Structure formats: C-alpha cells, structure tokens
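**Q** This is a predicted model, with the sequence first.
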Amino acid sequence: MRPKIRLFLWLLSACLMPVGAAADDNDRCRDHSNISAAIAACDRVIASSRSTKVDLVHAYTNRGQAWYTQDQYDQAISDLTTAISLDSRFPIAYGNRGNAWYMKNQLDRAIDDYSEAIRIDPNYTAAYTGRGLAYERRGDNERARESYRGALAVPQKNADGKWAHDKARERLRHLEK
C-alpha cells in the first residue's frame, strides 16, 4: 500500500476511534447496573468536546439518576437542573428531579416538577404517580386520587410505567378505605 494511502487510513481510523469511544460512553452512562462506571462514563460524555447538546442532556439526566440511586439527592438535583437548562422540554429530567425533591421532602417543588413533566408529556405515567405520592404525603388526598387516576388513564410509558400503574392502583385502594 502506498504511504499516502496508509497515512490517510491511519488518520481516518484515529479520527473515528473517539466517536466509537463516545458512543460506548453514552451506552455506559445509561447502564445503571454499575453505578460507579455509569457516573464515570457520564463524566467523560460531559467533558467531551464531541458531545452534542442531546448527548449532554442525556448524560446529565443519567448521571442525575445515578446520583439519585446513591441517595445523593443534591447532586442529582444539580445535574437534572443542568439537563433542564439545556433542554427545558425534556420531561424525564423534570420527573427525575421531582423524585429527588420528594426524597428531600420538598413536596411543593416535587409537585411542580411532576406537573411540568406532565404538561410537556401528558402520557408520562410515572410523573402522575409521583405527583400523587407527593400530594398524599402532603395530606391532600383528593389531589392524590386525581393524580393516581391520571396515571391509570394513560398507557404505561417508559421503564417505570408498570410500576406507576401498580403503585397508583395500590395507593387508590389504600385511600378508598
């Protein structure tokens, strides 16, 4: 092979390697089976100059969710707030931030985030159920019932859709007693 062609092919493969690595990091960032590895992958996506705005929104959202699973609610809220600042129309970031606010017993903030997630995506099942749980904890059982019924009125959506329906049914049965 001629040296110029060989050099061109080497340069081409060198340029493509980071793209493949970035794609792997995007996948690892979403995979919460190993939280430390997920957070590290999200860190690399966030630090990469090759990451698109969509990559960044997902990386901050996924890292926020990873922090949430580690009970690091302030870090989760920070990352999810950054994701929202990059894309204010991404309902999952609002729903996940609502979960963190709920765990911090900041119920009004949780309800606001769940409500915004529902406004953006009226079929976001888990946001209805999360909002119902926040209303119920706040002692507003009528609004809790409305939110649980809202969850059951839409099809299961996202990975937590089944949980949302099951929890809404359970809480409605409890509130009807």
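**A** Looks like it arrived, so ask away.
**Q** Identify the residues contacting the nearest residue to residue 109 once chain neighbours are set aside.
**A** Excluding its sequence neighbours, the residue lying closest to residue 109 (CB to CB, 6 or more residues apart in numbering) is residue 101, at 4.1 Å. C-beta here means a position set from N, CA and C on the backbone, and glycine is covered the same way. By CB atoms under 8 Å, 6 or more residues apart in numbering, the contact set of residue 101 is 77, 107, 109-110, 113.
**Q** Low-confidence bits of this protein, can you list those?
**A** For the chain, the stretches with pLDDT under 70 are 1-23.
**Q** What segments of it are helices?
**A** Under the criterion DSSP state H, helices of the chain are mapped to 3-30, 35-47, 53-69, 73-86, 91-103, 107-120, 125-138, 141-153, 161-176.
**Q** how about the contacts of residue 101 in a markdown table, adding neighbour count and distance to residue 94?
**A** As requested, those are exported to a markdown table (neighbours: other CB atoms under 10 Å; distance: CB to CB, whole Å):
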| residue | neighbour count | distance to residue 94 |
| --- | --- | --- |
| 77 | 24 | 11 |
| 107 | 20 | 15 |
| 109 | 17 | 11 |
| 110 | 26 | 10 |
| 113 | 29 | 5 |
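**Q** Chain neighbours aside, what residue packs nearest to residue 82?
**A** The shortest distance from residue 82 to any residue other than its chain neighbours is 4.7 Å, reached at residue 60 (CB to CB, 6+ apart).
**Q** Make sure that neighbour is actually in contact with residue 46.
**A** Yes: Residue 60 lies in contact with residue 46 (CB atoms under 8 Å); the separation is 6.9 Å.
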